[in-house]
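1. Need a 3D model of the following:
(one chain, ligands or ions: 3)
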Amino acid sequence: MKIFTSKQIAQIDAYSIANEPIASIDLMERAATQLFFWIEKRYSEEQNFIIFVGSGNNGGDGLALARLLSEAKYQVEVYLVNVSQNLSVDCQMNLDRLKIQNLVSIFDISNSNDFPIIFDDSVVVDALLGSGLSRILDGLIKELVLYINASKAEVIAIDIPSGLFGEDNSLNNLNHCIHADHTLSFQFPKLSFLFPENIDCVGNWHVLPIGLHSRIINEMESPYQLVDENFIKNRLKKRGRFSHKGNYGHGLLISGSYGKMGAAILASKAALRSGIGLLSTHIPRLGYDIMQTAVPESMVSIDRSDIIFTEYPNLEDFDAIGIGPGIDTKHNSVRALDELIEECDKPLVLDADALNIIGQNQALKERLPKGSILTPHIKEFERLLGKSYGAFDRNTKQRDFSKKKAVVMVLKGAFTAITDEKGRCYFNPTGNPGMATAGSGDVLTGIILSLLSQGYSSSDAALIGVYVHGLAGDLAAEELGQEALIAGDIVEYLSKAWKKLRD
Ligand SMILES: NC(=O)C1=CN([C@@H]2O[C@H](COP(=O)(O)OP(=O)(O)OC[C@H]3O[C@@H](n4cnc5c(N)ncnc54)[C@H](OP(=O)(O)O)[C@@H]3O)[C@@H](O)[C@H]2O)[C@@H](O)CC1
Ligand SMILES: Nc1ncnc2c1ncn2[C@@H]1O[C@H](COP(=O)(O)OP(=O)(O)O)[C@@H](O)[C@H]1O
Ligand SMILES: [K+]
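-> Ligands and ions are numbered 1, 2, ... in the order given. Take a look at the predicted model:
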């Protein structure tokens, strides 16, 4: 699913009105009806709602919702806050309709004495400001937002929490935005929903389809996309009936050091459980017995060093190389990585300590082979590209770096962001907080190496790898629970995840 900016959504909205065609008031009714259906499924008739309404179309949605809810016998009170001089045309029309219906008490808020008591068991609907937000909140509306946030009532935000921008919130004060439990967004999620710092504002978000025009949605370009299962399924290659292990590539994984052999084991198992033909794992000498016992399916390449990575085998034998999990950042490993980067003309995935080494030796960053995949978490990302002003800035840096260096960058976390050489950014929906556990990144490196070895392009290897990794984590968490989940479980559940993608 493409993700559009608030400005683009307004254009899509206008195009739909002109070309479906549909009157804007009817589109608003469609939006409000979707809100109503969502609420009706979750709340019994006894539930009372306090709807705070602004003067734009977001307010109009709130007023139309108030009418639909009261028609269905819910208890509803509406509080109108004049955020600007005049109500928008559709907001005014819905206010008139609500007054004619005459089932709902409508109050004006002109100062803080007008704020209603919000009982803990009320549900607050935030229809103050939507995607027309043009500046950060101040004055009465900010006070009201703080007042709502201080209540214990559940809060449902319409379209976007009031005060939050759809894209860049680096100059915003997130405490002055509505903190919703649920955000009901029309047709698309907003970009800002996918950034970690906005979670307290957005809560759980849900996308409600309102039938915006498919032609404009298909034609309008956006660098941002939210990945889904079909998007991944369409990228999978078939395994031919007469294929043999030579068809699925030979990968080289450089991983592990004294005390960190687990990283090599996890990444190797993950590679083998993701379809690779042959795997060689290059490890320091001390790890020989450990590796041969734990992962007999992998061949072992032994370093001259007992405890760290200092050299690598002839790269000609391999289709792709993965390096980093648990290799440490000692001087001789830095030198060996430097040589590898200089020589390597094979698809390369760099993770963990390989990224830390590059972070400490910025010249290496300039020489990354085109098509390399880097898989940092936020800390590693900052070591590579410095601190950011916020998630939007970080995302812009990531896209620019991918484009400038023609590499794929995977910024890991909830909604892992994958950027490619065209500056496009894909957000991954799978995965859960149970995966915030030692070694889960190593598993991802193994999966991506496996896919690169099988001949997938760098961006497809990253997209598929991240998706299936998160899916395996989700399937594992469903059965084991998030607390008990360990990285080895992600490997174990890869089988179910791949099967699901092949269904
Ligand atoms: N997408 C779709 O297809 C559909 C969208 N729909 C709905 O429309 C919503 C967008 O509506 P909208 O454009 O009228 O904007 P909205 O946010 O309600 O209000 C803008 C007003 O607020 C004002 N204002 C701005 N910032 C402010 C501030 N900090 N403090 C105080 N005031 C501030 C601003 O003033 P100005 O910037 O002009 O000075 C302007 O007067 C969208 O979120 C969704 O709910 C559905 O109905 C149907 C389908
Ligand atoms: N809250 C979360 N939601 C989704 N995925 C997560 C979450 N927390 C962690 N993950 C995933 O788990 C992996 C953790 O990787 P990383 O931080 O490198 O761990 P480690 O260094 O311990 O191996 C990443 O792929 C990340 O996307
Ligand atoms: K809102």
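2. Return the residues of the protein in contact with ligand 2.
-> For the chain, the residues found near ligand 2 under the criterion Cβ under 6 Å from any ligand atom are 377, 412-414, 416, 431-433, 435-436, 438-442, 444, 469-470. No exception for glycine: its C-beta is placed from N, CA and C like everyone else's.
3. Buried residues, the helix or strand containing Ser459. List them.
-> Using DSSP states H and E, Ser459 sits in helix 458-480. Of all the residues in helix 458-480, those buried under the rule 16 or more other Cβ atoms under 10 Å are 458-477.
4. Sitting in helices, which of the residues of the chain next to ligand 2 do you find?
-> The helices, defined by DSSP state H, take in 440-442, 444, 469-470 from those.
5. does the closest residue to Phe318 other than its chain neighbours have beta-bridge partners, and which?
-> Sequence neighbours aside, Leu252 is the residue nearest to Phe318 in space, at 4.2 Å (criterion: Cβ to Cβ, 6 or more residues apart in numbering). Note on Leu252: beta-bridge partners by DSSP bridges are Ser280, Ile321.
6. how about Leu252, what does it touch?
-> 280-282, 301, 312-313, 315, 317-318, 320-322 (Cβ atoms under 8 Å, 6 or more residues apart in numbering).
7. which of those residues lies closest to Ile117?
-> The nearest member of the contacts of Leu252 to Ile117, counting by Cβ to Cβ, is Gly322 at 59.3 Å.
8. Not counting its neighbours along the chain, what's nearest the closest one?
-> Leaving aside its chain neighbours, Gly322 sits nearest to Leu449 (3.4 Å; criterion: Cβ to Cβ, 6+ apart).
9. wait, what's in contact with that neighbour?
-> The contact partners of Leu449, by Cβ under 8 Å, 6+ apart, come to 251, 253, 267, 271, 276, 320-322, 349.
10. Check what pLDDT it gets.
-> At Leu449, the pLDDT value in this model is 98.
11. Confirm that it sits in a strand.
-> No - assignment of Leu449 by DSSP: H, G, I helix; E, B strand; the rest coil gives helix, placing it outside any strand.
12. possible to save the contacts of Leu449 as JSON lines with neighbour count, pLDDT and distance to ligand 3?
-> What follows is these, written out as JSON lines (neighbours: other Cβ atoms under 10 Å; pLDDT from 0 to 100; distance: Cβ to the ion, whole Å):
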{"residue": "Gly251", "neighbour count": "32", "pLDDT": "98", "distance to ligand 3": "49"}
{"residue": "Leu253", "neighbour count": "33", "pLDDT": "98", "distance to ligand 3": "48"}
{"residue": "Ala267", "neighbour count": "38", "pLDDT": "98", "distance to ligand 3": "44"}
{"residue": "Ala271", "neighbour count": "31", "pLDDT": "98", "distance to ligand 3": "46"}
{"residue": "Ile276", "neighbour count": "28", "pLDDT": "98", "distance to ligand 3": "48"}
{"residue": "Ala320", "neighbour count": "28", "pLDDT": "98", "distance to ligand 3": "47"}
{"residue": "Ile321", "neighbour count": "25", "pLDDT": "98", "distance to ligand 3": "49"}
{"residue": "Gly322", "neighbour count": "34", "pLDDT": "98", "distance to ligand 3": "45"}
{"residue": "Val349", "neighbour count": "32", "pLDDT": "98", "distance to ligand 3": "41"}
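13. with these in mind, which one is nearest to ligand 1?
-> Ranked by distance to ligand 1 (Cβ to the nearest ligand atom), the contacts of Leu449 are led by Val349 at 39.1 Å.
14. give the contact list for that closest one.
-> Val349 neighbours (Cβ under 8 Å, 6+ apart): 320-324, 372-375, 445, 448-449, 452, 461.
15. I'd like these laid out as CSV, including distance to ligand 1.
-> Formatted as CSV, those follow (distance: Cβ to the nearest ligand atom, whole Å):
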residue, distance to ligand 1
Ala320, 43
Ile321, 46
Gly322, 43
Ile323, 46
Gly324, 43
Ser372, 39
Ile373, 36
Leu374, 36
Thr375, 35
Thr445, 40
Ile448, 37
Leu449, 42
Leu452, 40
Ala461, 35
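16. could these go into TSV alongside distance to Pro296?
-> Output for those, formatted as TSV (distance: Cβ to Cβ, whole Å):
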residue	distance to Pro296
Ala320	22
Ile321	22
Gly322	19
Ile323	22
Gly324	23
Ser372	30
Ile373	28
Leu374	31
Thr375	27
Thr445	20
Ile448	23
Leu449	19
Leu452	23
Ala461	25
